[in-house]
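Student: sharing a sequence plus its predicted fold:
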Amino acid sequence: MEQQATEFFVASQAALGQASALLVQYSFSIVGALLLLCIGWLAASFVQRWAFEGLSRIRGFDETLARFFSGAIRYVILILVIVMVLGQFGVQTASILAALGAAGLAIGLALQGTLQNIAAGIMLLVLRPFRVGEYIETSAVSGTVIEIGLFATELKTSDGLYRLAPNSTLWNVPITNYSRFPSRRHELSVTVPKGESLAEAQDTLMNVARSNSRVLLEPAPITFIDSVSGDTATVKLRYWARSEGWWATTRDMTKAMKVAFDERAEVTASQPAE
């Protein structure tokens with residue numbers, strides 16, 4: 001029993017000695033690693049703020065895109081700091097970088113569709129085919145843009161519904177932006193039967209255009225005979241209105257045209273036949 005106790009005491013002393021030697025050996029590495037982690041964390045946060053402020057000062061650079069790039073820079077710095085810390089303890093950093101590369105490739109293949117949306121979101125934020133508040137239309141979706149994210153774009157349809165469109169579906173198709181330019185053109189047409197004056201019909205359409213203050217004077221409204229078919233002719237009015245009130249202007253102009261031609265028909269009917 002005494003011999004076993006002596007052997008245990010000797011083994012304990014040897015273990016404590018080895019632990020002390022290891023503690024002394026790696027104490028400087030541990031302290032250096034902790035300092036490196038603290039400095040790296042502070043440096044990553046500082047560089048992130050500096051990059052975000054610098055990118056935000058670029059005219060036309062989207063805030064979402066600035067946050068994405070500044071956050072990516074921060075995480076790259078943190079990964080490099082962690083690799084450097086592991087190198088302090090003798091870990092082979094080359095194998096770590098190879099493993100990170102393989103993991104990144106595997107994640108990229110698994111999230112291929114998501115990465116396509118991110119790439120499309122970056123291109124949409126850089127090239128700006130549409131902005132928040134503009135009304136757009138594609139072959140698959142239409143509505144007013146609420147928010148442009150890195151993964152998807154939020155829209156509000158004309159009937160007040162919420163719609164979420166993946167960015168890849170907006171990037172790979174033609175987009176019609178109804179709000180980008182300040183003015184838009186509209187056409188009104190009326191069929192004039194045989195025997196009625198085409199010049200009077202054109203004058204009536206021009207009077208309708210001049211009576212609406214929302215019809216732009218430049219470009220000036222014009223009327224013309226669009227087609228002749230049998231006993232009828234089609235007369236058209238082209239005019240321009242501001243995009244923000246285009247829909248209401250077209251409705252008012254359509255109503256005003258109908259009223260004007262009804263009044264013209266009543267006047268014609270009340271005149272005595274020669």
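Tutor: Looks like it arrived, so ask away. The structure displayed is predicted, hence computed values, not measured ones.
Student: after the helix or strand hosting K236, which helix or strand is next?
Tutor: Take DSSP states H and E as the rule and K236 turns out to sit in strand 232-242. For strand 232-242, the following helix or strand on the C-terminal side (DSSP H and E) is helix 246-270.
Student: which other residues reach that next one?
Tutor: Contacts of helix 246-270 with the rest of the structure, by Cβ atoms under 8 Å, 6 or more residues apart in numbering, involve 178, 184, 186, 188, 190, 196, 200-201, 204-205, 207-209, 211-212, 214-215, 237, 239, 241-242. Quick note: C-beta positions are derived from backbone N, CA and C, even for glycine.
Student: hmm, back to that, what helices and strands are in contact with the strand holding K236?
Tutor: If you count contacts as 3 or more Cβ pairs under 8 Å, 6 or more residues apart in numbering; DSSP states H and E, strand 232-242 packs onto strand 183-193, helix 198-211, strand 222-229, helix 246-270.
Student: of these, flag the one that's most buried.
Tutor: Among the helices and strands packed on strand 232-242, helix 198-211 has the highest mean neighbour count (mean count of other Cβ atoms under 10 Å), at a mean of 17.
Student: out of the helices and strands packed on strand 232-242, which gets the lowest mean score?
Tutor: In terms of mean pLDDT, the lowest-scoring of these is helix 246-270 (a mean of 86).
Student: give me the distance from it to the chain's centre.
Tutor: 41 Å (Cα atoms, centre = their mean, to the nearest Å).
Student: also stretch 69-89?
Tutor: 30 Å.
Student: and if you look at stretch 38-51?
Tutor: With Cα atoms, centre = their mean, you get 28 Å for stretch 38-51.
Student: quick one: contacts of it?
Tutor: 66, 69-71, 73-75, 77-78, 80-82, 84.
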